[in-house]
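[1] Below: sequence and its predicted model.
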Amino acid sequence: MSGLLRTALYDLHLELGAKMVPFAGYEMPVQYGLGVMKEHLHCRARAGLFDVSHMGQVSLRPKSGMVEHAAIALEHLVPVDLVGLKLGRQRYAMFTNDAGGILDDLMVARRCDDLFLVVNAARKAEDLAHLHAAIGCDCDIVELTDRALLALQGPEAAAVLETVAPGVSDMRFMDVAIIDTADGPLWVSRSGYTGEDGFEISVPAERAEALARQLLAHEAVEAIGLGARDSLRLEAGLCLYGHDIDTGTSPVEADLAWAIQKARRTGGAREGGFPGAARILAELATGAARQRVGLRPEGRAPMREGTALFAAETGGDPVGTVTSGGFGPSVEAPVSMAYVPVDLALEGAKLWGEVRGKRLPAEIVRLPFRPSTYKR
């Protein structure tokens with residue numbers, strides 16, 4: 001795996017027996033000794049620790065010194081209300097292009113002196129270039145390459161992290177805070193990408209291994225790899241960039257309209273003003289031509305990414321394609337997400353997926369496949 005980058009936890013991954021694979025330009029752990037199935041179930045039952053240091057961490061510091069000015073500048077790139085984002089809170093957002101497609105999805109947190117962004121690993125370079133080109137005159141844009149990012153997820157995550165960072169148990173879902181600890185401050189958000197209650201923790205890279213060992217010392221915590229991370233987010237009905245969303249997919253098609261607040265919609269205080277607004281606002285008003293849906297295939301055979309979908313058991317052209325799919329360990333059944341024409345995107349309707357040359361039935365179901373357990 002020559003030429004791949006390594007996170008600050010690389011040596012610890014090897015010590016823990018991780019199977020390493022290339023992912024977004026990094027050597028990353030896909031699984032440990034427990035295996036994907038047991039790692040997934042452990043995270044749902046207790047607490048799982050993920051290395052997500054490959055993600056991009058970016059600070060937007062307004063040159064005016066007023067954080068609201070950074071929010072105003074960033075709103076020119078996303079269809080999300082950032083001016084209304086309160087101190088100590090974060091929101092899910094997406095960069096859009098002029099055609100209304102999604103360049104990347106990201107998290108935006110409002111802190112005292114800056115906006116803190118977490119972007120996808122595979123899009124870091126493009127996102128930074130996009131920010132510099134569009135709002136570089138308004139903000140100092142700094143990629144924080146000296147920090148690692150850990151995610152602690154699961155029903156026991158709060159109790160475990162409380163022993164290290166007192167006060168985190170009082171945080172609500174999507175709160176952000178800088179927590180003083182015996183080993184220095186941690187940047188903590190109560191969020192994650194598993195559908196479970198949990199936290200993402202930004203820590204100086206030189207302290208990441210010590211923090212990871214401290215958390216793993218708890219009997220409730222196991223190290224979790226990319227394999228289980230993918231099955232956890234799939235059960236939670238969460239999009240993966242480059243698979244379920246991309247530059248040709250609009251937020252409305254992707255069932256992400258919930259992330260576009262009233263202020264940015266037609267008639268809102270700051271209507272439009274973001275790339276692709278004409279298409280996105282029109283789709284919010286009248287609907288999109290296709291829709292992301294959940295699928296529950298009958299039987300035990302998963303319908304994986306790329307599976308063609310048909311409206312009937314025989315004949316006809318494909319009407320859609322699976323974008324993510326696999327076996328859901330918590331629901332004990334195969335689960336998939338796909339895009340289909342809106343007139344077919346009816347809960348309870350049946351489609352057929354072509355698996356190994358045979359069409360198998362699948363029912364359209366409401367997302368997520370398993371209810372989320374965020375602390376509201």
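    It's in.
[2] Any figure for the gap between Glu298 and Leu128?
    45 Å (Cβ to Cβ, to the nearest Å). For the C-beta atoms, the positions are set from N, CA and C on the backbone; glycine is no exception.
[3] Which one's more surrounded, these two?
    Just comparing Glu298 and Leu128: by other Cβ atoms under 10 Å the higher neighbour count belongs to Leu128, 18 against 14.
[4] where's that one relative to Gln57, distance?
    Applying Cβ to Cβ to Leu128 and Gln57 gives a distance of 11 Å.
[5] any shared contact partners between the two?
    Counting by Cβ atoms under 8 Å, 6 or more residues apart in numbering, the contacts common to Leu128 and Gln57 are Glu143.
[6] and stretch 205-212, how far out from the chain's middle?
    With Cα atoms, centre = their mean, to the nearest Å as the basis, stretch 205-212 stands 23 Å off its chain's centre.
[7] Tell me the buried residues in that stretch?
    Using 16 or more other Cβ atoms under 10 Å as the test for burial, stretch 205-212 gives 205, 207-209, 211-212.
[8] can you check stretch 284-291 too?
    Result for stretch 284-291 [16+ other Cβ under 10 Å]: buried residues 284, 288, 290-291.
[9] and what of stretch 113-122?
    So stretch 113-122, judged by 16+ other Cβ under 10 Å, has buried residues 114-122.
[10] Okay, and which of these map to strands?
    Members of the buried residues of stretch 113-122 lying in strands (criterion: DSSP state E): 115-119.
[11] what would those look like in TSV with pLDDT and distance to Glu313?
    Putting these into TSV (pLDDT from 0 to 100; distance: Cβ to Cβ, whole Å) gives the following:
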residue	pLDDT	distance to Glu313
Leu115	98	51
Phe116	98	50
Leu117	98	47
Val118	98	44
Val119	98	42
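[12] for these, which one is nearest Ala254?
    Val119 (17.2 Å; Cβ to Cβ).
[13] Tell me who's in contact with that closest one.
    55-56, 58, 104, 106, 127.
[14] nearest spatial neighbour of it, skipping sequence neighbours?
    Gly56 (4.2 Å; Cβ to Cβ, 6 or more residues apart in numbering).
[15] Identify the farthest-apart pair in the ones in strands among the buried residues of stretch 113-122.
    For these, the farthest-apart pair by Cβ to Cβ is Leu115 and Val119; their separation is 12.2 Å.
[16] picking that back up, among the contacts of Val119, which are in strands?
    Those of the contacts of Val119 lying in strands (DSSP E): 56, 58, 104, 106.
[17] May I see the residues you listed organised as a markdown table, with neighbour count, distance to Gly198 and pLDDT added?
    Converted to a markdown table, the ones in strands among the contacts of Val119 look like this (neighbours: other Cβ atoms under 10 Å; distance: Cβ to Cβ, whole Å; pLDDT from 0 to 100):
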| residue | neighbour count | distance to Gly198 | pLDDT |
| --- | --- | --- | --- |
| Gly56 | 22 | 20 | 98 |
| Val58 | 20 | 22 | 98 |
| Asp104 | 22 | 22 | 98 |
| Leu106 | 22 | 18 | 98 |
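[18] Out of these, give me the two with the largest separation.
    Comparing all pairs in the ones in strands among the contacts of Val119 by Cβ to Cβ, the longest separation belongs to Val58 and Asp104, at 11.4 Å.
[19] Mutual contacts of these two, please.
    With Cβ under 8 Å, 6+ apart, Val58 and Asp104 have common neighbours 119, 127.
[20] residues touching the residue nearest in space to the middle of the chain, list them.
    In the chain, the centroid-proximal residue (Cα atoms, centre = their mean) is Tyr193; its distance is 5.1 Å. If a contact means Cβ under 8 Å, 6+ apart, then Tyr193 has 151, 229, 232-233, 236, 238 as its contacts.
[21] Distance check, the residue nearest to Val119 against Asn120.
    Taken as Cβ to Cβ, the span from Gly56 to Asn120 is 7 Å.
[22] Now for those two: what residues contact both?
    Counting by Cβ under 8 Å, 6+ apart, the shared contacts of Gly56 and Asn120 are Asp127.
[23] Let me see the ranges of the strands in the stretch 201-350 of the chain.
    221-223, 290-297, 308-310, 320-328, 333-341, 350-355 (DSSP state E, counting those that start in this stretch).
[24] So, low pLDDT: which residues of the chain?
    By pLDDT under 70, the weakly predicted segments of the chain are 1-2.
[25] domain assignment for it?
    The chain breaks down by automatic domain parsing into domains covering 10-52+146-235, 289-376.
[26] Test my guess that Gly272 contacts Arg279.
    No. The pair Gly272 / Arg279 is not scored as a contact, 10.8 Å apart, by Cβ atoms under 8 Å.
[27] So for those two, which residue has more residues nearby?
    Neighbour totals were compared for Gly272 and Arg279, and Arg279 leads with 18 against 15 (other Cβ under 10 Å).
[28] Helix or strand: which one has His130?
    Element membership for His130, per DSSP states H and E: helix 124-135.
[29] outside of that helix, which residues touch it?
    55-56, 58, 60, 73-74, 76-77, 95, 103-104, 106, 119-120, 139, 141, 143.
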